[in-house]
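Colleague: Below is the sequence, then the predicted model.
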Amino acid sequence: MNGRFAMNRGFALALLAATLAVACSTPDPTAQTPVVGPDRAGFGPVHAFVDHRCGSLDCHGTRYRNMRLWGHDGMRLAVGDIPGVSPTTSAELDASYTSIVELEPEIMSAVVADHGANPERLTLVRKARGTEQHVGGAVVVAGDARDRCIVSWLAGTTDTTACAEALVLP
Amino acid sequence: MVSSRLPAVVVAAAVAACSLDPVHDDAVRDLGGEAPGVRPGPTHRAGQPCLVCHDGSTAQPAMSVAGTIYGAPDSPAGLAGVGVTLADASGAIRTAVTNAAGNFYVEDSSWRPVFPLRVVVNYGAIPAPMSTIIGRDGSCAACHVDPPSRISPGRVYVAPSASLLPEAGSP
C-alpha cells in the first residue's frame, strides 16, 4: 500500500514538474511572425483616400488609435511638418502602410496570400464597412468606390480609378 | 440608527466625489482655472476644447460643436461676427456666429449632428472651407491647438487679406 502510494506520489510530482516546465517555458525571443502585406507600391492611391477620409486628427490621425495614419490631412511624422501644409512624405506613406498591415499580421498575410479573397476577415475592412462597431460608422459600402479602393489593394491590383473617385465622395 | 445609515452615506459621498472616468477628470483639470476677469459664460475659456466640459456631464449647456475663431494666428483675442457653417453626414446644415470672444457653439439640444462634418468659415466675402472633415470631435480646439505642430494645424483664424496669411495655421 505504502509502496503504491509512494509510486503514485512520485508520478504526480513528475507530472507536476513536467507541466510547470511546459507552462513556464519562455517564448523564443528570436521568433518572428513573417508579414506579407499587399503591394507597397500600390498603396499610394489608397493612402490618399484613407488619409483624407480616416486620418483626420480626431480619428486615425492620432497616437490614441491602434491604426494610425500619417499624412497631409492629419498627423505628421516629422517635427516641423504641419497638418494641411506640406505634401505627404514617403516616410509617412511607409509608416501608414506598416500601421495598417501590421494590425493583424497573420490575417493580413492570409488575405494577401488568397489574392484578397474574403477581405472581411480583416478588422480594417469590417470597421470600414461598419459591420463591426466603429466610432466613425460605415465609411464605405461594400462594392462602392471607396470599398473597391481598399479591397483591390488587398487583392494586389489597386483600382486607382476607384481611389480617385473615393477621394471626392462625401 | 446613525450607524446603520453610515455605509450608505459613505458610498453616496464616494460616488459623488469620484468620477468614473479618470481620463476625463484629467482633461478637465488640465484646462486650469478661469482667466482673470472672465466669468463663466459664453465668452469664457476662448481657445479651449469646449466639449471637454460641455459634454452634458460637467457643465451646461451641453454642446455638439463649439470653438473659437481668431483674427490672426497670433492674435490674443478671438474675432466676433464670423459665420461658421456646419454640414453633417445626413445633409443637415447649421450656422453659428462667433461672439465677442470669438467663441461659437451649437447646443446639443438643438442639433446632434451625424459625423463626419464639413465646415465653412465665412468672414466678409471670403468663405474658407476646412480642407478636411471633422470625424468625431465637436471641439475645434481638440485638434486646433496653438502653436502649430505635427499634430495640430494651429488656431482657426480669418485674415483680412491673403497677403496676411502665414504658412501655418488654418486660415
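Modeller: Now that the structure is in, tell me what you want to look at.
Colleague: Centre of the chain to the longest helix along chain A, how far?
Modeller: In chain A, taking DSSP state H as the definition, the longest helix is helix A:2-23. How far helix A:2-23 lies from its chain's middle: 45 Å, per Cα atoms, centre = their mean, to the nearest Å.
Colleague: Report the central residue of chain A.
Modeller: With distances taken as Cα atoms, centre = their mean, the residue of chain A nearest its centroid is A:Leu103 (2.5 Å).
Colleague: Under the pLDDT cut-off, which ranges of chain B? List them.
Modeller: B:1-4, B:6-7, B:9-19, B:160-171 (pLDDT under 70).
Colleague: Contact distance from chain A - what residues of it qualify?
Modeller: Proximity of chain B to chain A (Cβ under 8 Å from any Cβ of the partner chain) is limited to residues B:89, B:115-116, B:118, B:131-137, B:142-143, B:148-154, B:167-168, B:170. Placement of C-beta: from N, CA and C, glycine included.
Colleague: ok, which stretches of chain A are strands?
Modeller: Counting by DSSP state E, one finds no strands in chain A.
Colleague: Alongside chain B, which residues does it contribute?
Modeller: Proximity of chain A to chain B is confined to A:52-54, A:56-59, A:61-62, A:73-85, A:135-137, A:170 under the rule Cβ under 8 Å from any Cβ.
Colleague: returning to what we had before: extract the CA atoms of the longest helix of chain A and return them as PDB.
Modeller: Provided in PDB are the C-alpha atoms of helix A:2-23 (Å, rounded to 0.1, in the frame of the first residue of the first chain):
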ATOM      1  CA  ASN A   2       2.700   2.400   1.000                       C
ATOM      2  CA  GLY A   3       4.800   1.400  -2.000                       C
ATOM      3  CA  ARG A   4       1.900   2.100  -4.300                       C
ATOM      4  CA  PHE A   5       1.300   5.500  -2.600                       C
ATOM      5  CA  ALA A   6       5.000   6.400  -2.900                       C
ATOM      6  CA  MET A   7       4.900   5.400  -6.600                       C
ATOM      7  CA  ASN A   8       1.700   7.400  -7.300                       C
ATOM      8  CA  ARG A   9       3.200  10.400  -5.400                       C
ATOM      9  CA  GLY A  10       6.300  10.200  -7.500                       C
ATOM     10  CA  PHE A  11       4.300  10.000 -10.700                       C
ATOM     11  CA  ALA A  12       2.200  13.000  -9.600                       C
ATOM     12  CA  LEU A  13       5.300  15.000  -8.800                       C
ATOM     13  CA  ALA A  14       6.900  14.200 -12.100                       C
ATOM     14  CA  LEU A  15       3.700  15.200 -13.900                       C
ATOM     15  CA  LEU A  16       3.600  18.400 -12.000                       C
ATOM     16  CA  ALA A  17       7.200  19.200 -12.800                       C
ATOM     17  CA  ALA A  18       6.600  18.500 -16.500                       C
ATOM     18  CA  THR A  19       3.500  20.700 -16.500                       C
ATOM     19  CA  LEU A  20       5.300  23.500 -14.900                       C
ATOM     20  CA  ALA A  21       8.200  23.200 -17.200                       C
ATOM     21  CA  VAL A  22       5.900  23.500 -20.200                       C
ATOM     22  CA  ALA A  23       3.800  26.200 -18.700                       C
END
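Colleague: in that helix, what's buried?
Modeller: Residues of helix A:2-23 include none that count as buried (16 or more other Cβ atoms under 10 Å in any protein chain shown).
Colleague: If you count contacts, what does it end up packed against?
Modeller: Packing contacts for helix A:2-23, counted by 3 or more Cβ pairs under 8 Å, 6 or more residues apart in numbering or on different chains; DSSP states H and E, involve no helix or strand.
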